[in-house]
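Asker: Got a sequence here, can you build the structure:
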Amino acid sequence: MATGSVVLVIALLFAWLTGSLISLAWFEILADGLIIATCMTGLGLFTYKMDAYGMPPYVQSLIFCAGVAGIPVLAMYLYLDPAGFRHFVRIIPLRVFIVALICLVLLFLKKAGKTGKTEDPPLADKPLSTTLSSQEYQDKIIVRSGNGIKVIPVNDLLYIQADGDYIWLVAKDGKWLKEETMKHMQETLSPSGFVRIHRSFIVNVSAISRIERYGQQQLIILTNGDSIRISTSGYRTLRDALGF
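Answerer: Below is the predicted model:
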C-alpha cells in the first residue's frame, strides 16, 4: 500500500510537470508519469537490495539514472505518434537534469547514512562481549520449519543475514527465516565465534575460507562459496577476532 501511494504521488508530480511544459493528451501525460514513477520506485528498491550484496554505490547510481532517464523515453517513443514525440523530446533535457539531481541527492543521503548510524560504529568501539553479563551465549537456535520445529546448533551456522524485520539463518544443511533482530543475535552469540562484519551480516568465524579485495572493498569467501562484503568497521572487528 505504501509503495503504491509513493508511485501515485510521483506519477502525479511528473504528470503535472510534463503537462505544464508540453501539450499532450491527459492520459498520455498520466501514462508517462506512471512509467517514470514505477521506474524510480522499482529501481530504487532494486539498488537498495543490491547494496546488501556489495554492489558499488556508483554502479547503483548508474543503473538508477540510466533506467529512470531512459525507460520512460523509450516507452513514449514507442507509444506516441511522430508529431507527439517531437513535442515530448523538448522536455527530455530537463527530465535528465531532474533525474541526475535526484541521483546526487540519494547518493549523498546514502553516503551520509553509512558514515552515520548505518556504518555500525559500535562494532569497532564496543566489544560484543560487553552486551552480556551473567547470561551464557546460546548454543542453539529454534526456528519453525513447516509444521515442525528445527533446532540449529550455532556451530552449524555459516552466517546470518538481515531481511527487514526477519533474519535468514544460513547453515550447512539449508537456510531458515526467523523473526528476530540482528541486534539480539549479536548480543546472544559468542563474540569469539561470530562477528558482525556488516549491518546486514553476522558470520561464523570458523566458516570463513578466505578474505579477498574487490576494488576498494573487502570480501569474505565462506566455506560454502558465498561471498559477503565487509564494512570498514566490520573489517576492523573481524581483524581483531582473527588476530591479524
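Asker: So C103: helix, strand or coil?
Answerer: Three-state call for C103 (DSSP: H, G, I helix; E, B strand; the rest coil): helix.
Asker: As a check, name the ranges of all helices in the protein.
Answerer: 2-21, 26-51, 57-79, 82-89, 92-115, 122-125, 182-188, 232-242 (DSSP state H).
Asker: any idea how this structure splits into domains?
Answerer: 2-115, 125-242 (automatic domain parsing).
Asker: Kindly reformat these as a markdown table containing mean neighbour count and mean pLDDT.
Answerer: All C-beta spots, glycine's among them, are computed from the backbone N, C-alpha and C. Converted to a markdown table, the domains of the chain look like this (neighbours: other CB atoms under 10 Å; pLDDT from 0 to 100):
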| stretch | mean neighbour count | mean pLDDT |
| --- | --- | --- |
| domain 2-115 | 15 | 77 |
| domain 125-242 | 16 | 84 |
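Asker: returning to what we had before: nearest to V203, of the helices of the chain?
Answerer: When the helices of the chain are compared for distance to V203 using CB to CB, the nearest one is helix 232-242, at 8.0 Å.
Asker: Relative to I197, how far out is S231?
Answerer: 7 Å (CB to CB, to the nearest Å).
Asker: Ok, K172 next?
Answerer: For K172 relative to I197 (CB to CB), the value is 19 Å.
Asker: Leaving out chain neighbours, which residue sits closest to Y137?
Answerer: S190 (4.3 Å; CB to CB, 6 or more residues apart in numbering).
Asker: Span of stretch 201-221 from start to end?
Answerer: Length of stretch 201-221, first residue to last, CA to CA, to the nearest Å: 13 Å.
Asker: So what touches it?
Answerer: Residues outside stretch 201-221 that contact it (CB atoms under 8 Å, 6 or more residues apart in numbering) are 52, 54, 56, 154-155, 157-162, 182, 185-186, 189, 192-197, 222-224, 227-230, 234-235, 238, 241-242.
Asker: quick one: contacts for V68?
Answerer: I36, C39, M40, L43, V99, I102.
Asker: Go again with 7 Å.
Answerer: Neighbour list for V68: I36, C39, M40, L43, V99 [criterion: CB atoms under 7 Å, 6 or more residues apart in numbering].
Asker: got the contact list for the second one?
Answerer: Under the criterion of CB under 7 Å, 6+ apart, the contact list for C39 reads G67, V68, I71, P72.
Asker: Just send those residues back as JSON lines, with distance to R90 too.
Answerer: JSON lines is the format used below for the contacts of C39 (distance: CB to CB, whole Å):
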{"residue": "G67", "distance to R90": "22"}
{"residue": "V68", "distance to R90": "19"}
{"residue": "I71", "distance to R90": "19"}
{"residue": "P72", "distance to R90": "15"}
